[in-house]
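Engineer: Generate a structure from the sequence data that follows.
(chains A, B and C)
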Amino acid sequence: MMPRLPIIVFALVMAAIPFIPGVPPFWIVLLDNIGLSALVAMGLVLLTGVGGLTSFGQAAFCGFGAYTTAVLTTAYGVSPWLTLPLSLLVSGIAAVLLGLVTVRLSGHYLPLGTLAWGLGLFYLFSKLEFLGRNDGISGIPPLSIGSLRMIDPGTIYFAIWIAVLLCALLTLNLLDSRTGRAIRALRRGHVAAEAFGVQTPRAKLLVFIYAAVLAGLSGWFYAHFQRATNPTPFGVQTGIEYLFIAVVGGAGYVWGGVLGAAIVVILKELLQSYLPYLFHGEGQLETIVFGILLVTLLQIAPTGVWPSLTVWLPFRPKRKRPDTSLVLPARIRPAITPDVLLQIDHARKQFGGVIAVNDVSFDVQAREIVALIGPNGAGKSTTFNLITGVLAPSGGTISVLGKKVGHAAPQQIVKLGIARTFQHVKLVPDMTVLENVAIGAHLRGHAGAIASMFRLDRADEAKLLAEATRQIERVGLGDQIDQLAGSLSLGQQRIVEIARALCVDPMLLLLDEPAAGLRHMEKQQLAALLRQLRDGGMSVLLVEHDMGFVMDLADRIVVLDFGTKIAEGTPQAIKTNPEVIKAYLGAVA
Amino acid sequence: MNAGGNTLLSVSSAHIAYGKVEAVRSVSLDVATGEIVTIIGANGAGKTTLLNAIMGILPLKGGVTFANQDMARLDIEDRVAAGLSLVPEHRELFGSMNVEDNLQLGAFRITKAVAAQSLERVYTLFPRLKERHKQLAGTLSGGEQQMLAMGRALMGAPKLLMLDEPSLGLAPIIVADIFRIIGELRASGVSVLLVEQNAQAALQIADRAYVMELGEFILNGPAKDIAANTRVAASYLGFTHEGASVI
Amino acid sequence: MNTTIMLFLLQDGITNGAIYALLGLALVLVFAVTRVILIPQGEFVTYGALTYATLSSGQVPGTARLALAMGIVAFGLDLFAGRRALHAKLIARALAIDIVLPAAVLALTIWLAGHHSPIGVNIALSLVIVAAIGLFLYRIAFQPIAHASVLVLLIAAVGCHLALQGFGLVFFGAEGQRGPTVSDSAFIVGPLRFTGQSIAVYAITLALIAGLWMFFGFTRMGKALRATAVNRLGARLVGIRTALSGQIAFLLASVIGAVSGILIVPITTLYYDTGFLIGLKGFVAAIIGGLVSYPLTAIAALLVGAVEAFSSFYASNFKEVIVFTLILPVLVLRSLAAPAVEEEKD
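Structural biologist: All right, here's what the predicted structure looks like:
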């Protein structure tokens, strides 16, 4: 839940400012500029701070918004209010086209890609005849409602700030939802999110478009505020400045974007107006001081100003305990007619010259706990990745309930009722335990981004959170439900991953080293939980190094060594198997 | 408290915090020259945190003295120069460089002549590494990587080697090998501070042991006594002794 | 297409490409070791070029003063960072590098002002001045936030770029400058005329690349730098100071930038802000090389130079559009070729 009161107070203060007697008109201009930058920065917060996609190119989307309305209003006499949807649409379409290429880029290629098209578009704006080349377009009509023409900064002020507040609310709503959780999970890599059915390329494209539309809106306002456009404010330098605004404010926080805009715009203004007095008008001093201040600020507050500020705020948003009486309908599951749930037949995976999994075959039956053991590098995690669709097998077949799933994507595998945990915990550390676990129920909810923005998703959302709460209580972490996942011990984080997997309502649970980091007592509790799940009809395939735990729990054990299956059988048979002793257990077992 | 010899490492009332969460509270520990000391406890108890803080990777409140030198103000690099060495849980090898380069870099702080001797010694201790000296570290098996990490640490001729979970993810059969080599290290005069989840193996080899739970030492003493303790046996070794001592 | 024109464009492209290659290599080096995307690389180019041009015209370049000023700040930071364990050796070392060196250089430039000092001296002084600025830049701006995220480091780099570009305007003015050539000789092969300067560009580029290759492949410090790039914590655990690695990386990058600047300033007129665009093109090459591969970066740089030369001939208006959009398909290909399983990192 977001605190309503501070937002209302903020809105009232902003509404009152122009009416305070003696406020210099120049302050209003500054506030207009802050609002314009805040709109772009807010999009960047979502894109970069939350989604982890760094973009240098946001200014170019402002350009699309501004030039669309500039051309239509000056050359074709279209009313500014009609060009608003068109400006947003053009920015959005540009974002789709650029985004389709950009979101496919991985790692550092992505920001660099945005730098490239950002530069390219700037030069395009400044070379195209119908956009007025370097001179741009002037004589853009002001916004007007009836006879009220928003020519002076004081009137457009209201339009700008209403837009800022509305966009902030919509963005906050979006973040606090099923789609929002998917977006927030992006920054931690795509594997975990995809394992629970999140279409990560689509989620990335969504934030990309969202940020671009906000930038387009800012550009549209800019055109009617300045009543002229030229390429300069849409270049990469400005794009970098927007990024800077978001980082200074606090890249992960919507209000950080607004705060950052205020800091940067005011700072630049102060430098431009006062430095010449101090230093008798020597050239570009403000850029020098601005650059130095920027570096200094980052050294003092590397995570941005907003988070350092909120530490001092008295109110602390408190989330209501979800109502666990709400029930999420169980996943529709096929009757398990054959006893074999999962069949792996001569599965093979080759990385270059290295064979990680070499013709491995085994199966998992209904209501069975199977353990996969072997030294690190034996191919256990690779086998998991083959089953869950993270990697495509180089050969052999994997079938679930008799159906081949050869090259299915992780999102399709989870739909079949196979849920997993990871050897290296993949939770979002700055999300609460509840929010992390709720990602597991992603496919069991239906509300989309638009519904979330307008809070039409609450019934759906309440059920998801109720289910997540139930699973958290089931694994015994009810007391930690509102803590940030990153603040738990590694052992507890592994248990959170199990709760998240249980939210899928799976028929097969794949656990990668679930007992690592647990004490003996906790291991016994985990074993009891897994037995209870099995007796309830679930199957478990687990990788584990703790032989005591495995021998005690598993119905069947499969031993891998150097990618090859060297033995399979009951714990008793494995313990005494000479080959297993030679390759893995050693004499001590 | 020492089994004998001079105190090499002494940690007194150490507190280590991640932000506001205290991961380690009021912990004191010492290691004498020529000793193997182990810290056992579940993952998340704070063992890795403690080792990292002794090494200077994490800030620590309290005192750390090593070889009669106050470590508190020194960076990681200075602690390495003082003869303290850590083989971290994730080994932190230079994956895209070959075995020999990794080892040579281990001797970054010492002269070339001494480094040559070190290399000789490491290859005798780990003949496997000599066989693979041109192979890239990232392509070694888990056991070989652990050997390389230990070898790299030994290249700097440390006085104290701190090992964080050397058995993690290794086949039990390789674990036995690693523990044999740790025993040999003591014979060659290197002291060892060993953090292990595999309490059984650790207690067999160590002279003394500390038991850590939720960021505090709840027990310490000669390894034999610790192994015989019922509480330890029940929570870490997974079995109960007949007639074992009660805390 | 006319063969002569084609050969001429190709020659032009290779000359520029060689410079982009140097800058691309420096960017890769700095990014690998420090994770900083070195936006101010372009300023090293301008500073090198214009310092050399200013010295050649018998004046004292402002950069010499800047180096001393930055050295004083760096000295303060060194003392502050080491305040709890100050000893004479540390203070002496900091004093020598941070203050005595730039002060001596400044004194020398003042003493030389008005004379016609030999080209070699001017080049050497320019290199030392820019190298000191590069070193201090890391010490002041990046070393205190060495552990911050790539994004924060990048924004800090932008800040440095703005400040240095501003200083550039103060020191060198808005007018463009040219510097004297290293060699005035020229010879003709078929339709092409090779000037001594362009030969110098090729030779020095090759020499620098070979030098870097030997440094990283065979020396202890070079290997230590690579180790820092591969695994920072691992490097610290064997006693390699990542701060030192970072300083050396910046030192190398600034020297490379300055050399590039000195090489091109006799050929093209440079303004205080030209460096940024030149740096960006080196950047394009570095991106195509994936920010990791030195040979790929060098080849990509030649390609960028050639594309630029040809597009400026055929569609000069859209030259920059073409150069910068060129990398999009390359990036897509690189992303597709990247391994599906992400590495375990934040």
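Engineer: Every contact and neighbour count from this point should use C-alpha atoms.
Structural biologist: OK.
Engineer: Mind telling me what element A:Ser399 is part of?
Structural biologist: strand A:395-400 (DSSP states H and E).
Engineer: partner strands of that strand, parallel or antiparallel?
Structural biologist: Strand pairing for strand A:395-400, determined by DSSP bridges: strand A:340-351 (antiparallel), strand A:403-404 (antiparallel).
Engineer: among those strands, which is the most enclosed?
Structural biologist: strand A:340-351 (a mean of 19; mean count of other C-alpha atoms under 10 Å in any protein chain shown).
Engineer: Contacts for it, please.
Structural biologist: Residues outside strand A:340-351 that contact it (C-alpha atoms under 8 Å, 6 or more residues apart in numbering or on different chains) are A:355-366, A:382, A:392-402, A:508.
Engineer: any idea how far it is from the chain center?
Structural biologist: Computed by C-alpha atoms, centre = their mean, to the nearest Å, the chain-centroid distance of strand A:340-351 equals 32 Å.
Engineer: Stretch C:252-262 now?
Structural biologist: Taking the mean of its C-alpha atoms, stretch C:252-262 sits 4 Å from the chain's own mean (C-alpha atoms, centre = their mean).
Engineer: Which residues does it contact?
Structural biologist: The contact list for stretch C:252-262, computed with C-alpha under 8 Å, 6+ apart, reads C:19, C:22-23, C:26-27, C:29-30, C:41-42, C:44-50, C:52, C:123, C:126-128, C:130-131, C:133-135, C:179.
Engineer: What about those residues, which are in helices?
Structural biologist: Judged by DSSP state H, helices contain the following of the contacts of stretch C:252-262: C:19, C:22-23, C:26-27, C:29-30, C:41-42, C:44-50, C:52, C:123, C:126-128, C:130-131, C:133-135.
Engineer: Spell out which residues make up each domain of chain A.
Structural biologist: A:4-236, A:337-417+A:507-589, A:425-505 (automatic domain parsing).
Engineer: Please spell out the PyMOL selection for the buried subset of the contacts of strand A:340-351.
Structural biologist: Here is the PyMOL command that picks out the buried ones among the contacts of strand A:340-351, judged by 16 or more other C-alpha atoms under 10 Å in any protein chain shown:
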select buried, chain A and resi 355+356+357+358+359+360+361+362+363+364+365+366+382+392+393+394+395+396+397+398+399+400+401+508
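Engineer: quick one, domains of chain B?
Structural biologist: Split by automatic domain parsing, chain B gives B:1-83+B:158-247, B:90-157.
Engineer: closest one to chain A among those domains?
Structural biologist: Set against chain A and scored by C-alpha to the nearest C-alpha, those come closest in domain B:1-83+B:158-247, at 3.9 Å.
Engineer: what's the spacing between the closest one and its chain's center?
Structural biologist: That offset, for domain B:1-83+B:158-247, works out to 7 Å (C-alpha atoms, centre = their mean).
Engineer: ok, now stretch C:194-212?
Structural biologist: So, by C-alpha atoms, centre = their mean, the centroid of stretch C:194-212 is 15 Å from its chain's centroid.
Engineer: circling back to that earlier point, could the domains of chain B be laid out in a markdown table, adding distance to chain C and mean pLDDT?
Structural biologist: As requested, the domains of chain B are exported to a markdown table (distance: least, C-alpha to the nearest C-alpha, whole Å; pLDDT from 0 to 100):
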| stretch | distance to chain C | mean pLDDT |
| --- | --- | --- |
| domain B:1-83+B:158-247 | 4 | 84 |
| domain B:90-157 | 5 | 91 |
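Engineer: Turn these into TSV, columns for mean neighbour count.
Structural biologist: Listed next are these as TSV, based on neighbours: other C-alpha atoms under 10 Å in any protein chain shown:
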stretch	mean neighbour count
domain B:1-83+B:158-247	19
domain B:90-157	20
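Engineer: Dump these into TSV; add distance to A:Ile34 as well.
Structural biologist: As requested, the domains of chain B are exported to TSV (distance: least, C-alpha to C-alpha, whole Å):
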stretch	distance to A:Ile34
domain B:1-83+B:158-247	33
domain B:90-157	46
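Engineer: Serialize those to JSON lines and add fields for distance to chain A.
Structural biologist: Formatted as JSON lines, the domains of chain B follow (distance: least, C-alpha to the nearest C-alpha, whole Å):
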{"stretch": "domain B:1-83+B:158-247", "distance to chain A": "4"}
{"stretch": "domain B:90-157", "distance to chain A": "6"}
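Engineer: Restricting to C-alpha, output the lengthiest helix in chain B in PDB.
Structural biologist: Assignment by DSSP H gives helix B:172-187 as the longest helix of chain B. Presented in PDB, the C-alpha positions along helix B:172-187 are these (Å, rounded to 0.1, in the frame of the first residue of the first chain):
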ATOM      1  CA  PRO B 172      33.300 -37.000  -0.800                       C
ATOM      2  CA  ILE B 173      36.300 -38.800  -2.300                       C
ATOM      3  CA  ILE B 174      38.000 -35.500  -3.300                       C
ATOM      4  CA  VAL B 175      37.100 -34.000   0.100                       C
ATOM      5  CA  ALA B 176      39.200 -36.700   1.700                       C
ATOM      6  CA  ASP B 177      42.100 -35.600  -0.500                       C
ATOM      7  CA  ILE B 178      41.700 -32.000   0.400                       C
ATOM      8  CA  PHE B 179      41.600 -32.700   4.100                       C
ATOM      9  CA  ARG B 180      44.700 -34.900   3.800                       C
ATOM     10  CA  ILE B 181      46.500 -31.900   2.200                       C
ATOM     11  CA  ILE B 182      45.300 -29.600   5.000                       C
ATOM     12  CA  GLY B 183      47.000 -32.000   7.400                       C
ATOM     13  CA  GLU B 184      50.200 -31.800   5.500                       C
ATOM     14  CA  LEU B 185      50.100 -28.000   5.600                       C
ATOM     15  CA  ARG B 186      50.200 -28.000   9.400                       C
ATOM     16  CA  ALA B 187      53.300 -30.300   9.200                       C
END
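Engineer: Give me the sheet partners of the helix or strand just after that helix and which way each runs.
Structural biologist: Remark: after helix B:172-187, the chain's next helix or strand is strand B:191-196, criterion DSSP H and E. Paired neighbours of strand B:191-196 in the sheet (DSSP bridges): strand B:36-40 (parallel), strand B:160-164 (parallel).
Engineer: Taking their axis directions, the last one and helix B:172-187 sit at what angle?
Structural biologist: Using axes from the mean of the first three to the mean of the last three C-alpha atoms, to 10 degrees, the inter-axis angle of strand B:160-164 relative to helix B:172-187 is 160 degrees.
Engineer: count of residues packed around whichever residue of the stretch 301-450 of chain A sits closest to chain B?
Structural biologist: Nearest residue of the stretch 301-450 of chain A to chain B, counting by C-alpha to the nearest C-alpha: A:Pro375, 4.5 Å away. Using other C-alpha atoms under 10 Å in any protein chain shown, A:Pro375 is surrounded by 26 other residues.
Engineer: Get me the contact residues on the stretch 51-200 of chain C for chain B.
Structural biologist: C:Arg84, C:Ala85 (C-alpha under 8 Å from any C-alpha of the partner chain).
Engineer: try 10 Å this time
Structural biologist: Residues of the stretch 51-200 of chain C found near chain B (C-alpha under 10 Å from any C-alpha of the partner chain) are C:Gly82, C:Arg83, C:Arg84, C:Ala85.
Engineer: need the contact list for the first one.
Structural biologist: Okay, so that is C:Gly82. By C-alpha atoms under 10 Å, 6 or more residues apart in numbering or on different chains, C:Gly82 lies in contact with B:Arg73, B:Leu74, C:Gly76, C:Leu90, C:Ile91.
Engineer: And the third one, by the same measure?
Structural biologist: If you count contacts by C-alpha under 10 Å, 6+ apart, C:Arg84 has them with B:Ala72, B:Arg73, B:Leu74.
Engineer: any chance you could read off phi and psi for the second one?
Structural biologist: Pointing back at B:Arg73 there. phi -100, psi 0 (degrees, to the nearest 10).
Engineer: Where does the prediction get shaky in the chain?
Structural biologist: Picking chain A for this. Scanning chain A with the threshold set as pLDDT under 70 gives A:1-3, A:107-108, A:278-284, A:313-319, A:333-338, A:587-589.
Engineer: Correction: the question concerned chain C.
Structural biologist: Across chain C, the ranges flagged by pLDDT under 70 are C:1, C:290-293, C:334-346.
Engineer: Lovely, talk soon.
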